[in-house]
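# Need coordinates for the below:
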Amino acid sequence: MSDRSLASPPTPDAQFPAGLRAALVAAVHAAADAARPLVGSGDSDAVDGAAVDALRTALAAAPADVRVVAGEGEKDEAPMLHPGERFGSGTGPAVDLVVDPVDGTRLAAAGRPGAMSILAVAPRGAFLDVGPAHYLDKLVHGGPDAGLVLRAPVSQNLERLAAARGMRVSELRVAVQSRARNAGVAEAVARAGATLHVFEHGDIERVVHAAASGGSLDLLLGIGGAPEGVIEAAIVRAHGGVMQAAFAPQAPAEARRLAEAGLDATRVHDLGQLCAAPAFVAIAPVTPCALVPAATALVALSPGPLADRLPDDPV
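Numbers count the residues shown, from 1 in each chain. Prediction:
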């Protein structure tokens with residue numbers, strides 16, 4: 001593959017003052033630093049727990065009124081920052097926080113690449129409230145909008161995207177997470193003749209590749225985590241990409257909780273509903289990542305492209 005450069009570096013946004021940006025950057029650094037000694041330990045909960053404790057401490061004095069709206073731990077029954085928790089000094093902007101103290105805890109516990117600490121903040125009320133949802137059905141590609149429809153046949157969406165880009169379907173590269181729930185999607189991609197990129201963990205990384213202009217993927221499809229989906233919406237918005245998502249309960253109990261919360265699993269949400277305002281995203285690596293390969297690296301946006309360059313081939 002040829003080298004593909006992404007768009008210009010991040011541009012700070014006045015909605016997130018410098019002090020707040022610095023506090024958020026410090027928080028993901030602290031989480032990653034706390035988790036890193038446990039890499040290879042085989043204990044996913046210990047990895048998560050160390051990162052959560054460090055985040056709580058780091059966010060306590062953030063110059064803002066910070067409210068947690070979604071965290072990854074509940075789905076995995078791991079340590080977490082709970083929805084509704086409040087952090088910060090209480091002065092400054094009112095922001096909502098979506099956080100995954102360690103995205104890829106199993107990778108970190110096994111000593112494998114691809115684990116990172118990540119958070120996103122947006123003005124109060126800007127993120128879609130995913131409530132008790134654990135899973136979202138997702139569609140992500142770079143802009144402009146090619147008229148894809150989340151729950152349309154995969155072959156139809158591939159044909160529309162190829163036509164919009166002046167490509168053949170066989171030239172498209174489509175990421176689908178390797179889970180039983182996504183088997184039908186993966187089979188449809190392969191049957192249509194597109195190149196299938198199957199991955200076990202790391203859908204946030206793949207979303208960056210799919211959403212960024214010049215990224216190494218053309219499309220991401222399939223069911224993945226709901227909290228990650230909100231973070232991904234912030235990333236997609238920053239890159240000017242396209243995203244659609246819908247609740248996708250994977251168990252009767254989850255479907256029942258969604259209904260009790262008044263959340264409609266038949267409704268498809270577009271990017272403006274998933275992330276209704278510019279957001280700030282900060283990432284720090286726990287183990288080497290395609291986005292942030294160096295142990296001391298950090299990438300942040302608000303609202304601008306997530307990185308100057310990504311590798312052609314996701315790891």
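
# the strands in the stretch 101-250 of the chain, which residues?
Ranges of strands in the stretch 101-250 of the chain, per DSSP state E, counting those that start in this stretch, are 116-123, 135-141, 173-177, 195-199, 219-225, 242-247.

# Pipe the ones you listed into TSV and attach mean neighbour count and distance to Ala108 per row.
Backbone N, C-alpha and C define where each C-beta goes, glycine included. Output for the strands of the stretch 101-250 of the chain, formatted as TSV (neighbours: other CB atoms under 10 Å; distance: least, CB to CB, whole Å):
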stretch	mean neighbour count	distance to Ala108
strand 116-123	28	9
strand 135-141	25	22
strand 173-177	25	18
strand 195-199	17	16
strand 219-225	25	16
strand 242-247	24	26
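
# right, and these - which one's nearest Glu254?
Closest approach to Glu254 among the strands of the stretch 101-250 of the chain (CB to CB): strand 135-141, 7.4 Å.

# Which residue, other than its chain neighbours, is closest to the most centrally placed residue in the chain?
Centroid check for the chain by CA atoms, centre = their mean gives Glu232 as the closest residue, at 3.2 Å. Counting by CB to CB, 6 or more residues apart in numbering, Glu232 lies nearest to Val207, which is 4.3 Å off, once chain neighbours are set aside.

# so who does that neighbour touch?
By CB atoms under 8 Å, 6 or more residues apart in numbering, the contact list for Val207 reads 140, 220, 232, 235-236.

# Also Ala248?
135-137, 181, 223, 265.

# What are the phi and psi values at it?
phi -140, psi 70 (degrees, to the nearest 10).

# Can you give me the domain boundaries for the chain?
Annotated domains of the chain cover 18-127+277-301, 135-274 [automatic domain parsing].

# In JSON lines: those, plus mean pLDDT.
Output for the domains of the chain, formatted as JSON lines (pLDDT from 0 to 100):
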{"stretch": "domain 18-127+277-301", "mean pLDDT": "86"}
{"stretch": "domain 135-274", "mean pLDDT": "94"}
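
# what's downstream of the lengthiest helix in the chain, the next helix or strand?
In the chain, with assignment by DSSP state H, the single longest helix is helix 18-35. Using DSSP states H and E, the helix or strand that follows helix 18-35 towards the C-terminus is helix 44-59.

# Compute the inter-axis angle for that following helix and helix 18-35.
150 degrees (axes from the mean of the first three to the mean of the last three CA atoms, to 10 degrees).

# Against which helices or strands is helix 44-59 packed?
Of the remaining helices and strands, those touching helix 44-59 by 3 or more CB pairs under 8 Å, 6 or more residues apart in numbering; DSSP states H and E are helix 18-35, helix 73-76, strand 94-103, helix 105-109, strand 116-123.

# what helix or strand does Ala284 sit in?
Following DSSP H and E, one finds Ala284 within strand 280-285.

# Just flag the most distant two among the contacts of Ala248.
Arg181 and Ala265 (14.2 Å).

# number of nearby residues for the closest residue to Gly240 other than its chain neighbours?
Residue nearest to Gly240 in three dimensions, not counting chain neighbours: Gly143, with 4.6 Å by CB to CB, 6+ apart. Around Gly143 there are 14 other residues, counting by other CB atoms under 10 Å.

# so who does Gly143 touch?
By CB under 8 Å, 6+ apart, the residues touching Gly143 are 213, 239-242.

# Using neighbour counts, trim those to the buried set.
When these are checked for burial by 16 or more other CB atoms under 10 Å, the buried set is 239-242.

# Contact partners for the residue nearest to Glu171 when sequence neighbours are not counted?
Among residues not flanking Glu171 along the chain, Ala162 sits closest, at 7.1 Å (CB to CB, 6+ apart). Going by CB under 8 Å, 6+ apart, Ala162 touches 168-169, 171-172.

# now the helix or strand containing Arg67: how far from the chain's centre is it?
Element membership for Arg67, per DSSP H and E: strand 65-71. Here the centre of strand 65-71 is set off from its chain's centre by 16 Å, with CA atoms, centre = their mean, to the nearest Å.

# Packing partners of that strand?
strand 86-87, strand 94-103, helix 226-239.

# As PDB, could you dump the C-alpha coordinates of it?
C-alpha atoms of strand 65-71 as PDB (Å, rounded to 0.1, in the frame of the first residue of the first chain):
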ATOM      1  CA  ASP A  65     -17.800  20.600  36.200                       C
ATOM      2  CA  VAL A  66     -17.200  17.100  34.800                       C
ATOM      3  CA  ARG A  67     -20.000  14.500  34.700                       C
ATOM      4  CA  VAL A  68     -19.500  10.900  33.600                       C
ATOM      5  CA  VAL A  69     -22.100   9.800  31.100                       C
ATOM      6  CA  ALA A  70     -20.700   6.500  30.000                       C
ATOM      7  CA  GLY A  71     -17.900   4.100  31.000                       C
END
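
# In contact with Phe127, which residues?
69-70, 96, 98, 120, 230, 233-234, 274-276, 279.
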